[in-house]
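Chemist: Could you work out the structure for the sequence below:
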Amino acid sequence: MDRIEDLIGRIKILCERYEAEEGELIRNIVKGIELEEKLDKVEELLREIEGELKNREE
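Modeler: Next comes the predicted model:
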């Protein structure tokens, strides 16, 4: 629970500093997390494709 309270406090500080609404900031954070997850999947797929291409070359 301390971690959640810490995150909420940090979000409020960022909102005050950048004069943003909490909801807007949270949405942007979530979008960033979702983007990172998608990039991880793309990297994984690229590694798989590269592995398959190497196997075909051998």
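Chemist: List the residues that contact Glu22.
Modeler: Contacts for Glu22 (C-beta atoms under 8 Å, 6 or more residues apart in numbering) come out as Ile11, Lys12, Cys15. Where C-beta positions appear, they are placed from N, C-alpha and C, glycine not excepted.
Chemist: Nearest residue to the second one in space, please, no chain neighbours.
Modeler: Excluding the flanking residues, the one nearest Lys12 by C-beta to C-beta, 6 or more residues apart in numbering is Glu22, at 6.9 Å.
Chemist: Next: Tyr18.
Modeler: Nearest one to Tyr18, counting by C-beta to C-beta, 6+ apart, is Leu25 at 7.7 Å.
Chemist: quick one: pLDDT of the one you found?
Modeler: We have a pLDDT of 81 for Leu25.
Chemist: residues touching it, list them.
Modeler: Ile11, Leu14, Cys15, Tyr18.
Chemist: give me the element it is part of.
Modeler: Using DSSP states H and E, Leu25 sits in helix 22-57.
Chemist: what's the spacing between that helix and its chain's center?
Modeler: Helix 22-57 has its C-alpha centroid displaced from the chain centroid by 9 Å (C-alpha atoms, centre = their mean, to the nearest Å).
Chemist: and the residue most central in space within the chain, how far is that from Glu48?
Modeler: Taking C-alpha atoms, centre = their mean, the centroid of the chain lies closest to Ile33, which sits 2.0 Å from it. The spacing between Ile33 and Glu48, counted by C-beta to C-beta, to the nearest Å, is 23 Å.
Chemist: What part of this protein, helix or strand, is modelled with the least confidence?
Modeler: In the chain, no helix or strand scores lower on mean pLDDT, DSSP states H and E than helix 2-18, which sits at a mean of 84.
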